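# missing the sequence, but the structure's below:
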C-alpha cells in the first residue's frame, strides 16, 4: 500500500490484508489549486484521503465571513461524516495547492464496515479527534488573544508541515495572510500586526507563503 495512505486514520489498527484490499477500492482524483471539492449544504456521499497537497476546511457566516477549521495535508481524511450521517455537508473543502487524493463513496465503505467493524472504530476515532480539536478552537477564541492564537496556529502548522532547514524550522503553509486570519478567527490587519511583531522580536522570518521559525520556545510561550 502507498505509505501516505497507510498513515491515514481509517487504516490504523486494521490488519494489513484488509487495509490493502480496502485501498484497492479507492478512486484517485486530482484537483487544481483553488478548486472547491464540496460545498457546505450540499449532499455528502464520499470521504477523501489526501495523497499530496493541502486542503482547507471552513464555512461562511450569514454575513459572508469565512472561518477555517482545518488545514489538511497528506494522509489526512475529510468528508467522513457523510458516511454516518446522510445530511448535508457541514463545511466547504477547497484546495490550497494542487491536490492528489483518493475517495470512496458511502455504499462501498458501508459494505466494508459491515464485514470489518474495526474500520468503523477507526472512523469514529477520527471523528472524535476532530471534535476535540473543535472544542479546543472554541476555547482559544474565548480565552486567548489574537497574537496568542497566531503563535499557536504557526506551531500547529509547523507540527504538521514543518521541515528542518539549517537547524531552523521552516513551515511551508501555502496560506495567504487572509487565510491565516480566517484560521485564527481574527481580522487580517490584526494578524499582520502580530506577525510583524513576532518578526521584529526575532522569533520568525516571513517568506511569502512560508515562515522560518527562529525561536520556537518564545513562540510557544506566547501561545500559552
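Alright, I've got the coordinates. These numbers were taken from a predicted model, which means no experiment stands behind them.
# run a quick neighbour tally on residue 190.
Neighbourhood size, residue 190 [other Cβ atoms under 10 Å]: 16. Where you see a C-beta, it was placed from the backbone N, CA and C, and this is true even at glycine.
# for the longest helix seen in the chain, buried residues please.
If you go by DSSP state H, the chain has its longest helix at helix 117-143. Neighbour-count burial for helix 117-143, counted by 16 or more other Cβ atoms under 10 Å, picks out 119, 120, 122, 123, 126, 130, 137, 140.
# pop the domain breakdown of the chain in here.
Following automatic domain parsing, the chain resolves into domains at 3-141, 145-223.
# quick one: the helices in the protein?
Using DSSP H, the helices of the chain run over residues 3-6, 16-23, 81-84, 106-115, 117-143, 146-161, 177-184, 188-200, 216-223.
# nearest to residue 62, of the ones you listed?
helix 177-184 (15.8 Å; Cβ to Cβ).
# check which helices and strands the closest one is in contact with.
Packing contacts for helix 177-184, counted by 3 or more Cβ pairs under 8 Å, 6 or more residues apart in numbering; DSSP states H and E, involve strand 66-72, helix 146-161, helix 188-200.
# ok, back up a step: to residue 69, which of the helices of the chain lies closest?
Among the helices of the chain, helix 117-143 sits nearest to residue 69 (Cβ to Cβ), with 6.8 Å.
# tilt between the closest one and helix 106-115?
Here the directions of helix 117-143 and helix 106-115 differ by 110 degrees (axes from the mean of the first three to the mean of the last three Cα atoms, to 10 degrees).
# and helix 117-143 with strand 66-72, angle?
Angle of helix 117-143 versus strand 66-72, following the same axes, to 10 degrees, is 140 degrees.
# what's the spacing between the residue nearest to residue 10 when sequence neighbours are not counted and residue 52?
Spatial nearest neighbour of residue 10, chain neighbours left out: residue 122 (5.3 Å); criterion: Cβ to Cβ, 6 or more residues apart in numbering. Taking Cβ to Cβ, to the nearest Å as the measure, residue 122 falls 22 Å from residue 52.
# ok, now residue 70?
17 Å.
# between these two, which has more neighbouring residues?
Neighbour totals were compared for residue 70 and residue 52, and residue 70 leads with 19 against 13 (other Cβ under 10 Å).
# show me what contacts residue 130?
If you count contacts by Cβ atoms under 8 Å, 6 or more residues apart in numbering, residue 130 has them with residue 70.
# could you dump the domains of the chain to TSV with mean pLDDT?
Converted to TSV, these look like this (pLDDT from 0 to 100):
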stretch	mean pLDDT
domain 3-141	87
domain 145-223	95
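# quickly list what residue 38 is bridged to.
Residues in a beta bridge with residue 38, per DSSP bridges, are residue 93.
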